[in-house]
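*Asks:* Show me the folded form of this:
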Amino acid sequence: MLTVDLDLFGVDADNRLLDMGCGGGRHAFAGLRRGARVVAFDADRSELDGVQEMAGAMAAEGQVPAGGELTCVHGDALDLPFEDGAFDRIIAAEVLEHIPDDVAAIRELARVLAPGGRIAVTVPSSFPERVNWWLDPDYHNTPGGHVRIYAKSELSGRLRGAGLQVRGSRRVHALHSPYWWIRCAGGVNNDDRLIARRYHELLVKQIMEDPPLLRRLDDAVNPWLGKSLVLYAEKP
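*Replies:* Numbering: from 1, shown residues only. A predicted model of the protein is given here:
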């Protein structure tokens, strides 16, 4: 399940796409399937190993169009090892909330984005996130955990401060918010409780099968309960 809508974002064949903080690589793989030249960037080498292995499997199964390629790069978000204007598209999904100096990270993203290029940034939405923090401090008070909660206006201001123009926003994954409230209410590290397991099964069904009823419900409540806030911006 993607947080960034690649149709709305406009990822095409031959685009130079940076997936900054790629994690398991879901957005990188989606870009690769469209024939983009993808750089999957992360500070975790073990995540990158898995991404590289999966990309190889995709190529072997014929899932990568001609011209599509994926390269994994390990490094620091505050010092991206790329030239100015190196990318046509950048995705930074659920990563800025982990970075203490997010202003410097956004400045680096703006630097490596080409003029006329587009960037999609996603962070946890403020209301669902505040509930999680209130229910269980362990949700965020862990090494590498979330260090801030963004208001939409705050994140928009940071992007504008780096010279980017915000063009649109969405909230997505509303059905994920109650799951994390359930987890946090009973202790976020205690995920083996019956209600948490049953709700997780529902989310797996949504991700794997995309039932129309769940899709319509998710769409209906996304504006209020969407777990993730997505901002789409471009560089003049």
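*Asks:* Show me the strands in this structure, by range?
*Replies:* According to DSSP state E, the chain carries its strands in the segments 16-20, 37-42, 69-74, 87-93, 113-124, 165-172, 228-234.
*Asks:* Ends of stretch 92-100, what's the gap?
*Replies:* End-to-end span of stretch 92-100 (Cα to Cα, to the nearest Å): 15 Å.
*Asks:* how about CSV for the strands of the chain, with mean pLDDT, mean neighbour count and distance to Ser153 added?
*Replies:* Bear in mind the C-beta positions are built from the backbone N, C-alpha and C, glycine included. CSV is the format used below for these (pLDDT from 0 to 100; neighbours: other Cβ atoms under 10 Å; distance: least, Cβ to Cβ, whole Å):
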stretch, mean pLDDT, mean neighbour count, distance to Ser153
strand 16-20, 98, 26, 23
strand 37-42, 98, 26, 28
strand 69-74, 98, 17, 32
strand 87-93, 98, 25, 18
strand 113-124, 98, 22, 13
strand 165-172, 97, 15, 10
strand 228-234, 98, 22, 11
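*Asks:* how far away is the nearest residue to Arg33 once chain neighbours are set aside from Glu47?
*Replies:* The shortest distance from Arg33 to any non-neighbouring residue, by Cβ to Cβ, 6 or more residues apart in numbering, is to Gln63 (5.9 Å). Using Cβ to Cβ, to the nearest Å, Gln63 is found at 20 Å from Glu47.
*Asks:* now Glu69
*Replies:* Going from Glu69 to Glu47 by Cβ to Cβ gives 19 Å.
*Asks:* cool, Ala66 as well?
*Replies:* 27 Å.
*Asks:* Ala93 now?
*Replies:* Counting by Cβ to Cβ, the gap from Ala93 to Glu47 is 13 Å.
*Asks:* same deal with His98?
*Replies:* Separation of His98 from Glu47 (Cβ to Cβ) stands at 13 Å.
*Asks:* and what of Trp181?
*Replies:* Distance of Trp181 to Glu47, given as Cβ to Cβ: 27 Å.
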